[in-house]
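J.: no sequence for this one, just the structure:
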């Protein structure tokens with residue numbers, strides 16, 4: 001299955017970037033597969049080591065961190081010659097701080113070593129790094145689950161992808177049949193999500209979401225929960241992290257899904273749960289959407305980190321946890337989770353493109369779902385779960401701030417009228 005992340009790896013190699021690459025991402029998003037695929041197709045030979053599966057290899061990084069010594073000792077341990085011309089992929093590199101530190105010396109060498117490191121909880125490790133972190137000596141890239149565009153390509157719908165992309169550029173409506181086909185695949189994606197293993201199951205089930213074994217998402221969630229207990233300082237911290245994660249569907253089901261500590265457990269306070277939320281954010285298991293106090297440039301200066309919403313990193317996982325079925329997400333159906341699921345989907349798509357994304361709620365009767373900067377313009381984005389067009393908050397925002405244009409995301413077809421871009425939910429990847 002095609003992954004856009006391959007472009008990051010190819011760019012790194014084509015420019016012969018001296019800094020080793022560190023790939024950060026949650027478990028099961030496809031890091032190991034895409035890096036192996038890249039190495040197998042780009043190099044004549046390479047070395048793959050997994051520090052979680054082969055913990056004896058960690059000792060290679062415990063003493064002298066010069067690249068020559070590391071490669072000599074790896075050669076002995078693996079029983080094969082390894083020199084400066086041999087690309088190296090170190091998987092689960094977070095198991096050894098010294099291995100991460102060694103990247104500095106690979107970077108500083110006069111030989112252009114090709115070294116890639118990856119890890120499912122690498123983001124957490126970097127936040128809690130105790131040794132000398134190689135600041136400026138590594139290139140850090142995040143990898144996420146498959147977005148809807150990648151889902152379409154995996155499903156063999158390249159022509160549909162192209163039609164959606166072209167319609168977004170021109171803001172001209174797609175023929176109704178094509179529009180409905182795209183909506184149908186979008187509804188499939190809500191339940192399947194972007195985890196490659198789940199997408200493969202969907203394809204193997206003849207693209208029938210009702211036949212696909214969604215129990216795979218439960219297994220992935222269990223793997224996440226296992227990580228919480230494996231990569232924390234103590235059992236108490238693990239319990240708190242799990243409690244935050246389990247509370248997310250309840251938080252999102254409320255009319256006002258602003259994160260509330262009391263939803264975790266009775267008498268919970270920020271001091272006790274700030275760390276667990278930071279852990280989940282660093283692990284890429286959740287997406288944190290902070291409030292914006294004022295839609296002014298630069299947006300970061302008006303960020304309010306004390307008010308935020310939390311979503312899951314994959315919409316399929318959210319649907320699985322909420323026990324939602326295909327019919328629960330259709331346009332004419334209402335339930336407490338539907339709006340949250342669609343917001344979660346949109347946020348997952350936009351997070352791939354925009355670093356600074358916020359929500360704006362200046363009053364109880366006014367809220368803009370997402371505000372971000374597009375081509376140096378501050379643009380408000382409204383998310384509708386169906387085809388309803390009424391937008392009181394969006395109209396109030398327009399009269400107050402007069403943005404260049406606004407975006408309304410819904411199940412409606414493309415269109416551009418009176419400064420409102422109508423973008424179908426299946427075309428969010430185009431924004």
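T.: Structure received. Everything numeric here is computed off the predicted structure, so don't read it as measured data. Numbers count the residues shown, from 1 in each chain.

J.: quick one: mean pLDDT over stretch 1-11.
T.: Averaged across stretch 1-11, pLDDT comes to 96.

J.: for that stretch, how far is the first residue from the last?
T.: Stretch 1-11 has an end-to-end distance of 19 Å (criterion: CA to CA, to the nearest Å).

J.: in that stretch, which residues are buried?
T.: For stretch 1-11, a neighbour-count test (16 or more other CB atoms under 10 Å) marks 1, 3, 4, 5, 8, 9 as buried. In this view, the C-beta of every residue, glycine as well, is placed from N, C-alpha and C.

J.: what about those, which are in helices?
T.: Among the buried residues of stretch 1-11, DSSP state H puts 8, 9 in helices.

J.: farthest-apart pair in the buried residues of stretch 1-11, please.
T.: Using CB to CB, the buried residues of stretch 1-11 span at most 16.3 Å, a distance reached by 1 and 8.

J.: how about the strands of this protein, start to end?
T.: Taking DSSP state E, the strands of the chain run over residues 21-24, 47-50, 88-91, 115-119, 139-142, 286-292, 303-312, 357-363, 366-374, 377-383, 406-410, 415-417, 420-424.

J.: in CSV: those strands, plus mean neighbour count.
T.: Output for the strands of the chain, formatted as CSV (neighbours: other CB atoms under 10 Å):
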stretch, mean neighbour count
strand 21-24, 24
strand 47-50, 17
strand 88-91, 23
strand 115-119, 25
strand 139-142, 16
strand 286-292, 20
strand 303-312, 17
strand 357-363, 18
strand 366-374, 20
strand 377-383, 19
strand 406-410, 21
strand 415-417, 12
strand 420-424, 20
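
J.: ok, which of those comes nearest residue 343?
T.: Per CB to CB, nearest to residue 343 of the strands of the chain: strand 377-383, 5.5 Å.

J.: show me what that closest one is packed up against.
T.: Here strand 377-383 touches helix 338-351, strand 366-374, helix 392-401, strand 406-410, going by 3 or more CB pairs under 8 Å, 6 or more residues apart in numbering; DSSP states H and E.

J.: could you give the angle of the longest one to strand 366-374?
T.: Interaxial angle of helix 338-351 relative to strand 366-374 (axes from the mean of the first three to the mean of the last three CA atoms, to 10 degrees): 20 degrees.

J.: what does helix 338-351 contact?
T.: Residues outside helix 338-351 that contact it (CB atoms under 8 Å, 6 or more residues apart in numbering): 144-145, 147-148, 189-190, 194, 249, 252-253, 257, 287, 289, 311-315, 318-319, 322, 324, 328-329, 357, 369-370, 372, 381, 383, 385, 409, 425, 428-429, 431.

J.: in stretch 201-214, what's buried?
T.: Quick answer for stretch 201-214 (16+ other CB under 10 Å): 201, 202, 203, 207, 209, 212, 214.

J.: picking that back up, which of the buried residues of stretch 1-11 lies closest to residue 161?
T.: Closest approach between these and residue 161, by CB to CB: residue 4, at 12.2 Å.

J.: follow-up on the earlier one: in helices only, show me the buried residues of stretch 201-214.
T.: Among the buried residues of stretch 201-214, the members falling in helices (DSSP H) are 201, 202, 203.

J.: by mean pLDDT, which helix or strand of the chain comes out lowest?
T.: Every helix and strand in the chain was compared by mean pLDDT, DSSP states H and E; the lowest is helix 122-127, with a mean of 86.

J.: what's that helix packed up against?
T.: strand 21-24, helix 97-108, helix 270-282.

J.: surely residue 235 touches residue 229?
T.: Yes: taking CB atoms under 8 Å as the definition, residue 235 is a contact partner of residue 229 at 7.4 Å.

J.: who has more neighbours out of the two?
T.: For residue 235 versus residue 229, neighbours defined as other CB atoms under 10 Å are more numerous around residue 229 (13 against 9).

J.: correct me if wrong: the more buried one contacts residue 237.
T.: No: Residue 229 is not in contact with residue 237 according to CB under 8 Å; the separation is 9.4 Å.

J.: what about the stretch 101-250 of the chain, any weak spots by pLDDT?
T.: Across the stretch 101-250 of the chain, not a single residue meets the criterion (pLDDT under 70).

J.: so what's residue 48 up against?
T.: Counted by CB under 8 Å, 6+ apart, residue 48 has contacts 36, 39, 89, 91.

J.: which of those sit farthest apart?
T.: Farthest pair in the contacts of residue 48, by CB to CB: 39 and 91, 11.3 Å.

J.: what's around residue 243, how many residues?
T.: 16.

J.: now it, nearest residue through space, not along the chain?
T.: Leaving aside its chain neighbours, residue 243 sits nearest to residue 264 (5.1 Å; criterion: CB to CB, 6 or more residues apart in numbering).

J.: any idea how many residues pack against the one you found?
T.: 23.

J.: how far away is residue 117 from residue 96?
T.: 10 Å (CB to CB, to the nearest Å).

J.: scratch that, residue 384 is what I was asking about
T.: In terms of CB to CB, residue 384 sits 48 Å off from residue 96.

J.: tell me the contacts of residue 83?
T.: Listed by CB under 8 Å, 6+ apart, the contact set of residue 83 reads residue 71.

J.: actually residue 150, not the one I typed
T.: 1, 2, 3, 4, 194.

J.: residue 298 versus residue 329, what's the distance?
T.: Distance from residue 329 to residue 298, by CB to CB: 36 Å.

J.: more neighbours: those two, which one.
T.: Comparing residue 329 with residue 298 by neighbour count (other CB under 10 Å), the higher total belongs to residue 329, at 21 against 10.

J.: which strands and helices sit next to the longest helix belonging to the chain?
T.: Assignment by DSSP H gives helix 235-253 as the longest helix of the chain. The criterion is 3+ CB pairs under 8 Å, 6+ apart, and the helices and strands that helix 235-253 contacts are helix 215-230, helix 270-282, strand 303-312, helix 315-321, helix 338-351.

J.: per-residue pLDDT of the closest residue in space to residue 165 that isn't next to it in sequence, please?
T.: Nearest non-adjacent residue to residue 165, counting by CB to CB, 6+ apart: residue 430, 5.8 Å away. On pLDDT, residue 430 comes in at 98.

J.: ok, now residue 388?
T.: 59.

J.: what does the one 4 residues further on give?
T.: Residue 392 is assigned a pLDDT of 87 by the prediction.

J.: what sits against it?
T.: 365, 366.

J.: give me that answer again for 10 Å
T.: Taking CB atoms under 10 Å, 6 or more residues apart in numbering as the criterion, residue 392 is in contact with 365, 366, 367.

J.: do residue 196 as well
T.: Residues in contact with residue 196 (CB under 10 Å, 6+ apart) are 1, 3, 28, 29, 30, 33, 34, 145, 146, 150, 154.
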